[in-house]
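1. I need the structure of the sequence given here:
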Amino acid sequence: MDIKVIKTEKDYNQSLKRFEEIFHAPENSKEGDEAELLSLLIEKYEDEHYPIESPDPIEAIKFRMEQMEMSNKELAQIIGYKSRVSEIFSRKRKLTLNMIRNLHEKLNIPYEALITNY
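-> Alright, predicted model coming up:
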């Protein structure tokens, strides 16, 4: 086991290749421990070099609505008025704290996704 910090794209690609080779190694084996360490190093490198940004609140709401096959009319029951849905989706009105709480509680959208700037 020759593990080192992943600093370059070449290191990253080599680590991915090795990880694929030992992915199914049994836990608590030499290769299993190596796979666990490699996964942590790969994750750290990816977080630093390939960050995935959270969607803006409007896109998060639309995505969740699509998942739940929810209509704008049903969303209006959660945030207040039908006209508010249109105003929010057209970005003419910001989400209020009460709307954010309701969206989180009723649609299970994380607070972090709802309070970001948009």
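2. Closest to the centroid, which residue in this structure?
-> Residue closest to the average C-alpha location in the chain (CA atoms, centre = their mean): Ser54, at 6.0 Å.
3. List the residues that contact that residue.
-> 60, 112-113, 116 (CB atoms under 8 Å, 6 or more residues apart in numbering). Every C-beta, even on glycine, is put in place using the N, C-alpha and C of the backbone.
4. which ones among these are found in strands?
-> Residues of the contacts of Ser54 located in strands (DSSP state E): none.
5. Pick the one among these closest to Phe89.
-> Of all the contacts of Ser54, Phe89 sits closest to Ala60, with 12.2 Å by CB to CB.
6. Make sure the closest one is actually in contact with Ala113.
-> Yes: assessed by CB atoms under 8 Å, Ala60 is found in contact with Ala113 at 4.2 Å.
7. how far away is Ile42 from Ile6?
-> Distance, Ile42 to Ile6, by CB to CB, to the nearest Å: 7 Å.
8. I'd say Thr88 and Ala60 touch.
-> If you look again at residue 88, you'll see it is Ile, not Thr. No: using CB under 8 Å, Ile88 is not in contact with Ala60; the gap is 11.9 Å.
9. Quickly list the domain ranges of the protein.
-> 9-49, 57-114 (automatic domain parsing).
10. all helices in the chain, in order from the N-terminus.
-> In the chain, the helices defined using DSSP state H lie at 9-22, 30-49, 57-68, 72-79, 82-89, 97-107, 111-114.
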